[in-house]
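In: coords below, sequence missing:
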């Protein structure tokens with residue numbers, strides 16, 4: 001009986017520790033996101049522009065009736081506005097993400 005009680009208490013200790021870790025990780029992510037948002041909303045040097053531009057190359061993927069796909073690469077490149085931050089804000093993707101994804105597939 002004592003072994004069962006000890007095992008149950010030890011299990012509850014692990015559960016409690018796991019809940020603490022999850023809580024502190026969620027709190028850390030919330031603080032980082034809030035700091036990132038504030039750095040975009042209120043740039044510390046007033047001359048710093050929190051927005052940037054990245055040029056992407058779109059192409060069309062056109063589905064045909066015979067279940068094949070035709071690709072059209074004859075599309076001019078687009079300039080997309082991005083935000084210089086870790087997370088997306090104000091409807092713009094982060095510049096670091098767009099710089100790594102410069103090709104955009106458009107389904108038709």
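Out: Happy to help now that I have it. All of these numbers come straight from a predicted model, not from anything done at the bench.
In: Is residue 49 in a helix, a strand, or coil?
Out: In terms of secondary structure, residue 49 is coil; the call rests on DSSP: H, G, I helix; E, B strand; the rest coil.
In: so how far is residue 36 from it?
Out: Residue 49 sits at a distance of 16 Å from residue 36 (criterion: C-beta to C-beta, to the nearest Å). In short, each C-beta sits where N, CA and C put it, glycine included.
In: Look at those two and report which has more neighbours.
Out: Legend: neighbour count by other C-beta atoms under 10 Å for residue 49 and residue 36, higher for residue 36 (17 against 8).
In: How much space separates that one from residue 28?
Out: Distance from residue 36 to residue 28, by C-beta to C-beta: 12 Å.
In: What of residue 104?
Out: Going from residue 104 to residue 28 by C-beta to C-beta gives 33 Å.
In: between the two, who's got more neighbours?
Out: Under the criterion of other C-beta under 10 Å, the comparison of residue 104 against residue 28 puts residue 104 first, with 14 against 10.
In: Verify the assumption that that one is located in a helix.
Out: No: with three-state DSSP as the criterion, residue 104 is assigned strand and is not in a helix.
In: and the residue lying closest to it once chain neighbours are set aside, helix, strand or coil?
Out: In space, and not counting its chain neighbours, residue 104 is closest to residue 58: 4.3 Å by C-beta to C-beta, 6 or more residues apart in numbering. In three-state terms, and counting by three-state DSSP, residue 58 is strand.
In: likewise residue 17?
Out: Assigned with three-state DSSP, residue 17 falls in the helix class.
In: Could I get the average pLDDT for whatever helix or strand residue 81 lives in?
Out: Element membership for residue 81 (DSSP states H and E) is strand 78-83. Averaged over strand 78-83, pLDDT sits at 96.
In: What is the burial count for the residue nearest to residue 104?
Out: Residue 58 has 16 nearby residues by other C-beta under 10 Å.
In: Report the contact partners of it.
Out: Counting by C-beta atoms under 8 Å, 6 or more residues apart in numbering, residue 58 makes contact with 75, 77, 78, 103, 104, 105, 106.
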